[in-house]
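K.L.:
need a 3D model of the following:
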Amino acid sequence: QVQLVESGGGLVQPGGSLRLSCAASGSIFGVNAMGWYRQAPGKQRELVAAITSGSRTRYADSVKGRFTISRDNAKNTVYLQMNSLKPEDTAVYYCNAEIKMAGGSRTWYDYWGQGAQVTVSS
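P.N.:
Numbers count the residues shown, from 1 in each chain. A predicted model of the protein is given here:
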């Protein structure tokens, strides 16, 4: 069984910073792409940032230059450093990872974290 556990959300003033972490644990053989998505009330879930196993990154236009995604492959952990936060960044942030389980499986599965609330407000 595999779990993704997120941490680091909270309330921050506009212009502030937060760092989200997401650690994958369980019977893991390998972790491929990892990413962060967010969903604001009344809106669809959207991709915020993604990173490949080789650390190639891509970002939503709305967060370019403000957010940075990174990963620690030894810890199966992905991070999202969020700077210059705006009220429109308020959302529940979900991490996602493509994981192959140990035990001979040939299939990569998508796993999701439980979500972390980020609120940007004065």
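
K.L.:
low-confidence ranges in this structure?
P.N.:
Of all residues in the chain, none has pLDDT under 70.

K.L.:
how close does the residue of it most remote from its centre sit to L20?
P.N.:
Computed with CA atoms, centre = their mean, the residue of the chain farthest from its C-alpha average is G104, at 26.9 Å. Counting by CB to CB, to the nearest Å, the gap from G104 to L20 is 33 Å. In short, each C-beta sits where N, CA and C put it, glycine included.

K.L.:
again, but for G115
P.N.:
Separation of G115 from L20 (CB to CB): 11 Å.

K.L.:
again with I99
P.N.:
18 Å.

K.L.:
tell me which helix or strand the nearest residue to T107 once chain neighbours are set aside sits in.
P.N.:
Among residues not flanking T107 along the chain, K100 sits closest, at 6.9 Å (CB to CB, 6 or more residues apart in numbering). Assigned by DSSP states H and E, K100 belongs to strand 91-101.
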